[in-house]
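Trainee: have a look at this prediction, sequence included:
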Amino acid sequence: HGPTDDDPDCITWIYHSHVNTARDTYSGLCGPLITCKEGTLRKSNKNNPEESVRYDVDQDFYLLFTVVDENQSWYIDDNVKLCTDPGGVDVNDPGFRESNMMHSINGYMYGNLPGLKICQHRAVAWHMAGLGNEVDIHSISFQGNTLVDRGHTCDTVSLFPATFITAKMIPRGKGKWLLSCQVNDHFLAGMQALYHVVSCGTKPSSTSKFGTERHYYLAAETILWNYAPTGKNLISNTSLTEPGSTSELYFGRSNGRIGARYYKTKFVQYTDATFTTKKPTTHYDRHLGFMGPVLRCELGDILRVTLWNKADHNVSIHPHGLHYKKHFQGTDYEDGTNHPGAHVHPGSEFTYKWRVLEGPSSSDPDCIPYMYYSASDPVMDTSSGLCGPMLVCKPNVLGKNGHQKRVDKEFFLLFSIIDENLSWYLNKNIERFGSSETNKQDPDFLESNRKHAVNGRMYGNLFGLGMCSGDNVVWYAFGMGSETDMHGIFFEENTVKRFSNTRDTVTLFPHMSSTFVMHPNNPGVYGVECRTTDHYEAGMRQLYRVRFCPGKSKKQKHKEPTKVVQYFISAEEQEWDYSPSRKWELEFFQTSEANSPGNTFVGKGPDRIGSRYKKAVYREYTDETFSVRKNRKPHEQHLGILGPRIYAMVGERVVITFKNKASRPYSLNLNGLKASGSHVAVQPGNILELKWDIPESSGPGPDDPNCIVSFYHSTVHYPKDMYTGLIGPLIICRCGTLSENQGSNRYRKDVDKDFALLFMIFDENQSWYLDDNIRTYLGVDPATFDKGPDFHESNMMHGKVELSVQEENVFARGNYWRF
């Protein structure tokens with residue numbers, strides 16, 4: 001459990017009580033555990049001989065970010081007695097329960113955390129941990145200074161529950177600075193602290209060379225924005241207001257809903273300080289949507305940004321990743337100084353001065369992306385549209401036109417659920433586009449205003465994402481929003497490189513940003529979309545176009561595969577039991593079936609199906625007759641509902657003969673790879689042969705392990721096909737890593753065991769077979785059965801529930817496993 005050669009000198013863990021993990025930790029029983037490389041620690045001093053300090057940093061700080069659910073504390077009854085009227089407390093009241101969700105850092109809220117005083121120009125290690133539930137998705141932002149996290153320069157890091165980060169900071173800016181979670185709900189609920197940088201007489205180890213002084217002139221202007229100006233879902237070429245469609249909720253105007261058009265505020269660029277001429281929009285900018293212009297700079301530069309507020313509310317501009325004096329910060333909090341740049345009043349101007357003191361690290365690409373945004377009221381301002389992208393580059397990377405010299409195309413994509421309910425213009429939008437039926441508390445009205453957008457466009461309405469085959473393309477992705485803004489960004493038919501790792505899907509949190517490099521080779525129209533299922537269905541999907549450009553694109557030379565790997569796979573229906581045995585569950589919780597938390601999901605009742613469901617699954621056969629199914633060997637039993645592992649090496653061809661033995665159309669598609677016909681709906685009883693060549697671009701990157709994992713699935717209807725059960729692991733390896741066997745008989749030669757684990761909540765409410773399951777296991781008519789909230793929750797199956805995956809006796813000393 002110690003640090004590896006590539007880790008920092010010390011890494012972060014936690015310890016906690018494990019009798020009842022949730023209730024114990026919510027009651028407060030957890031603490032930091034730091035493991036270090038040998039020789040990192042030394043005894044503190046004679047006055048405290050038991051305390052160890054580090055040689056490599058001046059100070060360590062330990063930060064736990066969690067929404068402490070006091071409703072689950074062992075002491076909730078004792079705490080209720082502290083209320084002014086204990087007898088009048090209803091512990092099940094939603095308002096009371098929400099009041100006990102304490103959005104804290106080390107148990108403190110709203111700037112009350114003491115002791116975060118650090119020395120200017122001295123190294124500090126920040127040990128950060130997350131704990132909690134689904135809502136505990138955190139974007140931890142340090143204003144005023146930057147960090148190095150796993151070798152990469154940043155000012156914001158992301159945390160899941162039970163994840164740990166060790167980041168290093170050498171603070172340059174003196175003063176009190178805000179440290180907070182940038183997830184909107186968490187920020188508003190108090191997950192904020194202040195850290196204080198003071199002068200301790202230490203001089204900076206190096207000073208940045210003076211670069212270019214760059215001037216930008218931005219106006220905050222009120223505009224009328226359309227989330228889908230064509231009025232169509234351009235993915236399916238259907239009307240956005242088609243009755244019964246998901247898009248109708250967001251674009252229809254019945255029952256007082258607003259529809260497609262909303263008043264917003266946008267950062268608009270002008271040519272000079274007179275603000276008389278807007279900077280012309282070019283084909284490079286067309287895809288930016290409602291985001292402001294790209295601000296570009298290099299290490300050592302000074303940025304002077306003049307803001308003219310032409311809107312009707314206060315605004316500001318606050319940058320991630322840059323340094324500035326307190327006079328020029330765009331946020332406002334109590335630190336003993338004035339912040340005139342935090343509230344630029346309507347009709348006023350303010351000029352910010354920012355310095356680029358920290359640029360991309362040696363492990364970073366030439367440019368790293370950040371966001372700038374209005375933080376006069378961070379949540380309402382950004383919900384109204386005030387944000388934009390910024391690039392911080394290494395010296396001499398930008399050309400005279402401000403673009404990178406060795407990049408053909410740059411794209412900047414903001415993935416966010418824009419909550420128009422939190423906009424400055426909600427009332428104005430209702431007055432203009434609502435009706436007498438508008439009810440601001442109606443759940444459908446509230447949901448219709450949550451626009452699942454990319455750069456403010458939905459359902460394929462973002463234009464300008466065009467490139468030539470063979471181009472060197474850099475994608476910059478940004479996140480913004482609240483707890484639901486956890487995005488899985490998928491690039492159809494092409495892979496991308498992120499920090500020399502090959503990916504086709506990457507994750508994104510609010511106020512986080514990422515860089516991906518793509519070299520598209522196959523002309524066509526492909527999707528770039530969020531694969532979080534709710535976001536996908538609600539319109540967070542766009543199209544990018546790859547063209548063959550004569551004189552620039554090169555025709556791809558056909559290469560014969562080094563090997564043809566054959567699989568025979570069917571889609572077939574079967575009964576699946578999520579929890580064949582409840583023995584482990586009951587022993588773990590020391591309770592009965594009726595009182596176990598697992599009973600909600602696997603217990604059977606009048607309104608609960610239980611643990612058994614009809615599913616469709618992928619299964620492997622021995623040949624094209626599909627008469628003999630391959631029995632799973634002991635080392636394959638853990639796959640559970642998953643289809644067989646598909647193994648392939650770079651340069652090989654995968655040939656899958658697919659038979660649909662189910663009762664409705666399905667398909668089989670290898671994620672991130674291109675094959676003609678792979679999206680075709682194969683009708684019941686039919687057979688289709690599919691071929692995929694594995695290019696080097698889809699194989700492991702320089703910093704990847706020998707094999708990387710993706711998945712295959714049915715794409716006739718995403719995500720219903722997946723929730724129905726049709727998904728399996730795809731494993732692509734370097735040459736020479738796999739045995740010469742065929743099909744799932746192949747194995748890795750570099751490890752003793754490998755396991756494929758899918759962590760997923762199977763939403764049986766979205767399965768094609770929900771009505772069949774109601775009819776079979778509840779014995780009632782689905783048409784008249786009341787599918788209420790409790791029933792809906794009982795069908796959210798958290799994988800093979802309560803550790804019911806069959807055990808394997810594999811852990812022999814000295815063996816090497818890969819998960």
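Mentor: Cool, got the structure. Not measured: the values here are computed from a predicted model. Residues are numbered from 1 along each chain as shown.

Trainee: ok, residue 8 - contacts?
Mentor: Counting by C-beta atoms under 8 Å, 6 or more residues apart in numbering, residue 8 makes contact with 125, 166, 168. (Each C-beta comes from the backbone N, C-alpha and C, glycine too.)

Trainee: an error on my part: the question was meant for residue 198.
Mentor: Contacts of residue 198 (C-beta under 8 Å, 6+ apart): 117, 118, 119, 120, 174.

Trainee: which of those sits closest to residue 537?
Mentor: Relative to residue 537, the closest of those is residue 118; by C-beta to C-beta it sits at 45.8 Å.

Trainee: contact partners for residue 716?
Mentor: 665, 666, 667, 679, 681.

Trainee: I'd like those residues as a markdown table, with pLDDT appended.
Mentor: Shown next, in a markdown table, are the contacts of residue 716 (pLDDT from 0 to 100):
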| residue | pLDDT |
| --- | --- |
| 665 | 98 |
| 666 | 98 |
| 667 | 96 |
| 679 | 76 |
| 681 | 94 |
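
Trainee: of those residues - the most surrounded one?
Mentor: residue 666 (27 neighbours; other C-beta atoms under 10 Å).

Trainee: give me the beta-bridge partners of that one?
Mentor: residue 682 (DSSP bridges).

Trainee: isn't it up against residue 680?
Mentor: No: using C-beta atoms under 8 Å, residue 666 is not in contact with residue 680; the gap is 10.3 Å.

Trainee: please put the alpha-carbon coordinates of stretch 552-559 into PDB.
Mentor: Provided in PDB are the C-alpha atoms of stretch 552-559 (Å, rounded to 0.1, in the frame of the first residue of the first chain):
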ATOM      1  CA  LYS A 552      -4.600  17.100 -47.400                       C
ATOM      2  CA  SER A 553      -6.100  13.800 -46.400                       C
ATOM      3  CA  LYS A 554      -4.300  10.600 -47.300                       C
ATOM      4  CA  LYS A 555      -6.100   7.500 -48.500                       C
ATOM      5  CA  GLN A 556      -5.800   4.700 -45.900                       C
ATOM      6  CA  LYS A 557      -3.700   1.800 -47.100                       C
ATOM      7  CA  HIS A 558      -5.400  -1.500 -46.600                       C
ATOM      8  CA  LYS A 559      -3.400  -3.800 -44.300                       C
END
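
Trainee: where does the stretch 651-800 of the chain dip in pLDDT?
Mentor: 676-678, 799-800 (pLDDT under 70).

Trainee: is residue 369 in a bridge, and if so with what?
Mentor: Going by DSSP bridges, residue 369 forms beta bridges with residue 391.

Trainee: tell me who's in contact with it.
Mentor: Neighbours of residue 369 in contact, by C-beta under 8 Å, 6+ apart: 389, 390, 391, 392, 412, 476, 477, 478, 513, 514, 515.

Trainee: just those now: which is nearest residue 363?
Mentor: residue 515 (11.8 Å).

Trainee: how near is that closest one to residue 476?
Mentor: Using C-beta to C-beta, to the nearest Å, we find residue 515 at a distance of 6 Å from residue 476.

Trainee: swap in residue 316?
Mentor: 23 Å.

Trainee: and residue 551, what does it touch?
Mentor: So residue 551 contacts nothing (C-beta under 8 Å, 6+ apart).

Trainee: now swap in residue 156 and tell me
Mentor: 139, 140, 141, 142, 182, 320, 511, 512.

Trainee: what's the answer for residue 63, then?
Mentor: If you count contacts by C-beta under 8 Å, 6+ apart, then residue 63 has 105, 106, 126, 127, 128, 129, 140, 179, 193 around it.

Trainee: excluding its backbone neighbours, what's nearest residue 293?
Mentor: residue 269 (4.1 Å; C-beta to C-beta, 6 or more residues apart in numbering).

Trainee: one more: residue 624?
Mentor: residue 657 (5.3 Å).

Trainee: so which helix or strand takes in the one you found?
Mentor: Under the criterion DSSP states H and E, the helix or strand holding residue 657 is strand 653-660.

Trainee: and if you look at residue 427?
Mentor: Going by DSSP H and E, residue 427 is in helix 426-433.

Trainee: which residues sit in contact with residue 365?
Mentor: 474, 515, 517.

Trainee: same list, these, but as a markdown table with distance to residue 644 and secondary structure please.
Mentor: Shown next, in a markdown table, are the contacts of residue 365 (distance: C-beta to C-beta, whole Å; DSSP: H, G, I helix; E, B strand; the rest coil):
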| residue | distance to residue 644 | secondary structure |
| --- | --- | --- |
| 474 | 36 | strand |
| 515 | 35 | strand |
| 517 | 32 | strand |
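
Trainee: narrow the residues you listed to those that are buried.
Mentor: 474, 515 (16 or more other C-beta atoms under 10 Å).

Trainee: run through the protein and note the low-pLDDT ranges.
Mentor: Looking at the chain by pLDDT under 70, you get 44-50, 207-209, 676-678, 799-819.

Trainee: got the domain ranges for it?
Mentor: 10-198, 216-547, 564-798 (automatic domain parsing).

Trainee: contacts only, for the residue nearest to residue 624.
Mentor: 566, 567, 568, 569, 624, 687, 688, 689, 690.

Trainee: what's the neighbour count on the third one?
Mentor: Okay, so that is residue 568. For residue 568, using other C-beta under 10 Å, the count is 24.

Trainee: now the closest residue in space to residue 747 that isn't next to it in sequence: how far from residue 647?
Mentor: Nearest non-adjacent residue to residue 747, counting by C-beta to C-beta, 6+ apart: residue 739, 5.1 Å away. As for residue 739, its distance to residue 647 is 9 Å (criterion: C-beta to C-beta).

Trainee: neighbour-wise, which of the two wins?
Mentor: residue 647 (27 against 11).

Trainee: so who does the more buried one touch?
Mentor: 565, 731, 733, 738, 744, 746, 747, 748 are the contacts of residue 647 under C-beta under 8 Å, 6+ apart.

Trainee: where does the first one sit, in terms of helix or strand?
Mentor: Okay, so that is residue 565. Per DSSP H and E: strand 564-577 holds residue 565.

Trainee: residue 327 belongs to a helix?
Mentor: Yes: assessed by DSSP: H, G, I helix; E, B strand; the rest coil, residue 327 belongs to a helix.

Trainee: and it, how many neighbours?
Mentor: 13.

Trainee: do the same with residue 786
Mentor: That count, for residue 786 with other C-beta under 10 Å as the rule, works out to 8.

Trainee: and for the one 10 residues further on?
Mentor: The tally of other residues near residue 796 (other C-beta under 10 Å) stands at 13.
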